[in-house]
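# Let's see this in three dimensions:
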Amino acid sequence: MTLMQRLYSLTPDLYKKMGKVILPFGIVIFMYPAVSLKAQTPSDGLMMPSKNICVLFSYDMGTFDRYWEGSYLRSNETIATVDRNMVLPMAAIGILDNLNFYVSLPYVSTESSEPNGGYFTGARGFQDIGFALKYRPIRTELGPGRVSFLGTAGFSTPLTNYLSDYRPYSIGAGAPEFSLRAIGQYELKNQLYFRASAAHLWRGYTEAERDYYYNDGSYYTAWMDVPNAWTFETILGKWLFDTSLKLELSYSNLTSTSGDDIRAYNAAQPTNKVEVDRIGFSAQYYFKSIKGLGVVAYHNRVVNGRNTPKMSNTGFGLTYQFNVIKKQTDEENAQ
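I've put the predicted structure just below:
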């Protein structure tokens with residue numbers, strides 16, 4: 001499918017909501033963003049200064065051997081343990097002090113453990129290219145601390161024609177997505193802070209490699225409607241050692257606004273209603289001796305859900321921030 005077709009699939013009047021085909025075994029792959037990085041991302045409270053760029057390169061390792069079939073937590077010996085690994089390059093660009101632009105492109109691979117899962121081929125490839133703008137209209141002193149309000153608009157769409165209905169091995173949902181997020185943060189003078197955010201995700205249609213599926217009724221089309229969703233996140237964080245080390249505890253929730261349940265012992269599909277509760281911990285350290293360089297590590301765990309894997313994931317990454325204008329000026333002066 002071309003990029004223009006992906007964009008058109010946000011509102012395909014010709015293809016009304018239609019069900020899905022059932023595969024020999026069932027599970028849903030968790031399409032909720034598994035990475036919870038704290039390095040100038042579209043969902044945090046940080047802003048890149050004007051004319052600065054921060055690049056991130058991270059590696060995420062996720063795994064699960066149980067999943068919720070509707071609200072029932074089930075094991076599936078057919079696929080054994082599923083591993084989902086992701087390499088994520090991302091850049092944050094400071095257009096203005098209060099306006100940042102983001103671009104990212106994950107590379108995802110999936111596979112099952114031996115012996116049973118070894119009979120099935122996983123998937124790998126580039127997933128969805130994502131763009132976002134974050135704006136901070138308010139940052140002011142309030143009581144014993146400082147309050148900030150931010151807003152983010154994001155868009156992502158599949159870069160490659162991967163199989164979105166190949167569950168649990170699909171690398172993504174296969175549909176374009178537009179999101180709006182509101183963020184509020186309050187930081188005390190001792191650098192303890194609390195952040196909360198809420199976002200709505202508008203998702204388009206994905207095209208399966210079949211022209212029939214079941215979704216509380218029969219549908220004769222390859223187009224599947226991926227449900228929209230709400231996401232909520234709360235963060236408790238603390239800066240330590242003169243802002244060199246940042247620690248965060250997080251809770252996040254994703255709830256689809258529509259969709260169906262996985263039928264007993266059948267496969268998941270993009271039309272499923274997904275609910276996820278997740279907790280996490282992250283640490284990020286900025287080196288004083290190497291200006292601009294930082295490292296980040298995190299662990300997240302799904303504690304409750306519906307039509308989603310009981311997944312845990314661990315990751316680590318490198319960040320590097322630099323001033324574009326200063327670098328160009330230094331090069332010109334050296335000539």
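# Quick one: low-confidence residue ranges for this protein.
1-39, 115-119, 326-335 (pLDDT under 70).
# can you pull out the helices in it?
3-8, 324-334 (DSSP state H).
# Tell me the buried residues in stretch 125-144?
125-130, 132, 134, 136, 139 (16 or more other Cβ atoms under 10 Å). Quick note: C-beta positions are derived from backbone N, CA and C, even for glycine.
# For the closest residue to residue 83 other than its chain neighbours, give me its contacts.
Nearest residue to residue 83 in three dimensions, chain neighbours excluded: residue 63, at 5.1 Å (Cβ to Cβ, 6 or more residues apart in numbering). For residue 63, the contact set (Cβ atoms under 8 Å, 6 or more residues apart in numbering) comprises 81-84, 311-313.
# one more time with 7 Å, if that's ok
Shown in contact with residue 63 (Cβ atoms under 7 Å, 6 or more residues apart in numbering): 81-83, 311-312.
# Of those residues, just say which sits nearest to residue 280.
Checking the contacts of residue 63 against residue 280 with Cβ to Cβ, the nearest one is residue 312 at 9.8 Å.
# that older thread, let's have the buried residues of stretch 125-144 in TSV, adding distance to residue 288.
Formatted as TSV, these follow (distance: Cβ to Cβ, whole Å):
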residue	distance to residue 288
125	39
126	36
127	35
128	36
129	34
130	32
132	30
134	27
136	26
139	25
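# Out of those, which sit inside strands?
If you go by DSSP state E, these have 125-126, 128-130, 132, 134, 136, 139 in strands.
# Just the buried residues of the contacts of residue 63.
Among the contacts of residue 63, the ones that count as buried (16+ other Cβ under 10 Å) are 82-83, 311-312.
# now those residues as a markdown table including distance to residue 221?
Output for the buried ones among the contacts of residue 63, formatted as a markdown table (distance: Cβ to Cβ, whole Å):
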| residue | distance to residue 221 |
| --- | --- |
| 82 | 28 |
| 83 | 32 |
| 311 | 30 |
| 312 | 36 |
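# among the residues you listed, which are in strands?
82-83, 312.
# For those residues, give me TSV that also has distance to residue 175.
TSV is the format used below for those (distance: Cβ to Cβ, whole Å):
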residue	distance to residue 175
82	21
83	24
312	26
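# Going by distance to residue 47, which of those residues wins?
Among these, and counting by Cβ to Cβ, the member closest to residue 47 is residue 312, at 30.9 Å.
# Next one: that closest one relative to residue 232, how far apart?
Per Cβ to Cβ, to the nearest Å, residue 312 is found 20 Å from residue 232.
# circling back to that earlier point, I'd like to know which of the buried ones among the contacts of residue 63 is nearest to residue 107.
For these, the nearest to residue 107 is residue 83 (14.6 Å; Cβ to Cβ).
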